[in-house]
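Enquirer: Prediction below, plus the sequence it came from.
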Amino acid sequence: MKDEELSVRLREAAEAHRPDRERMLARVERGMAEGRRPARVVRPPRAAAPWLRIAGATAAVCGVLAFGAVAVTSAGGDDGPRGERVAAPPASSPAATAPAGLGALRTEDGPLWTDGAVDPHSNAYWAQSNVTLRTTRPLSALTVELRIALTGGVNSTGSWRSLPEKDFTVSATEDGGYLVYRWALKAGRTVPAGTHTFAGQYNHAEGERDAGGDYLTAHAVRVSGERASVGDYFGPDH
């Protein structure tokens, strides 16, 4: 067979060939399926080991206790008298309202002046309420009462005063929906002129506590015989 005749037959055979398109596509798809890799499974992070959770909780509790210990050693600030002022009872408070008939409290009466405030070192579990009492004359009798409304979790953790401990009878009781701290000057003792601090400490439910229902009263007798009574609320607008 001549070369020219062979070339003609090969060309005719090539032109007559029609590829099987469906079969080719099927082979390609099969090859792609065989070459695919399964998707990687992303597993959620493992929870912290039990000993880590316990260590974390212990550290948090220690931090709260340490904070409370710092507050115990902190005395209330002495801002001095701010002039005669009448403390009105809170209009409304989720904590508590003043007892019926208590009404407004005078923060200044003659030589006696007082102020009530929550200590800034208080935290989400523990608080200290400070009573600042200023007298320009010596006192022969004095009774200070601090009343903390019994909102969630309130219970006493102690109290202190800047005056000598041996000069006072101190109690902490629950009465009429309040935790009541009471400091009473013993007979024959005297409170000198100056600024003095009384403080009550207590635990409470977690979170910011509303002190709007808390208040204090102080009744005194000067050495000369005159009487004076003052009081204050602990609300934010007192």
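Expert: Received the coordinates, thanks.

Enquirer: going forward, measure contacts and count neighbours with C-alpha atoms only.
Expert: Noted.

Enquirer: pLDDT-wise, which helix or strand of this structure ranks last?
Expert: The helix or strand of the chain with the lowest confidence, counting by mean pLDDT, DSSP states H and E, is helix 50-72 at a mean of 38.

Enquirer: was I right about T135 contacting T107?
Expert: No. Between T135 and T107 there is no contact under Cα atoms under 8 Å: 11.9 Å.

Enquirer: Domain-wise, how is the protein divided?
Expert: As assigned by automatic domain parsing, the chain contains the domains 3-35, 63-233.

Enquirer: between T135 and T107, what contacts are shared?
Expert: Residues within reach of T135 and of T107 at once, by Cα atoms under 8 Å, 6 or more residues apart in numbering, are W113.

Enquirer: neighbour-wise, which of these two wins?
Expert: T107 (26 against 22; other Cα atoms under 10 Å).

Enquirer: wait, isn't that one in contact with Y233?
Expert: No. Using Cα under 8 Å as the test, T107 is too far from Y233 to be in contact (9.3 Å).

Enquirer: Keeping just the C-alphas, turn stretch 202-217 into PDB.
Expert: This file holds the C-alpha atoms of stretch 202-217, laid out as PDB (Å, rounded to 0.1, in the frame of the first residue of the first chain):
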ATOM      1  CA  TYR A 202     -22.100  42.300 106.700                       C
ATOM      2  CA  ASN A 203     -22.300  39.800 103.900                       C
ATOM      3  CA  HIS A 204     -25.000  40.100 101.300                       C
ATOM      4  CA  ALA A 205     -26.300  38.400  98.100                       C
ATOM      5  CA  GLU A 206     -24.000  38.600  95.100                       C
ATOM      6  CA  GLY A 207     -24.200  41.900  93.200                       C
ATOM      7  CA  GLU A 208     -24.600  45.500  93.900                       C
ATOM      8  CA  ARG A 209     -26.700  46.000  97.000                       C
ATOM      9  CA  ASP A 210     -29.200  48.900  97.300                       C
ATOM     10  CA  ALA A 211     -28.600  50.700 100.600                       C
ATOM     11  CA  GLY A 212     -31.600  53.000 100.200                       C
ATOM     12  CA  GLY A 213     -33.400  51.400 103.100                       C
ATOM     13  CA  ASP A 214     -30.500  51.700 105.600                       C
ATOM     14  CA  TYR A 215     -30.300  54.500 108.200                       C
ATOM     15  CA  LEU A 216     -28.600  55.500 111.400                       C
ATOM     16  CA  THR A 217     -29.600  57.400 114.500                       C
END
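
Enquirer: No further queries at this time; thank you.
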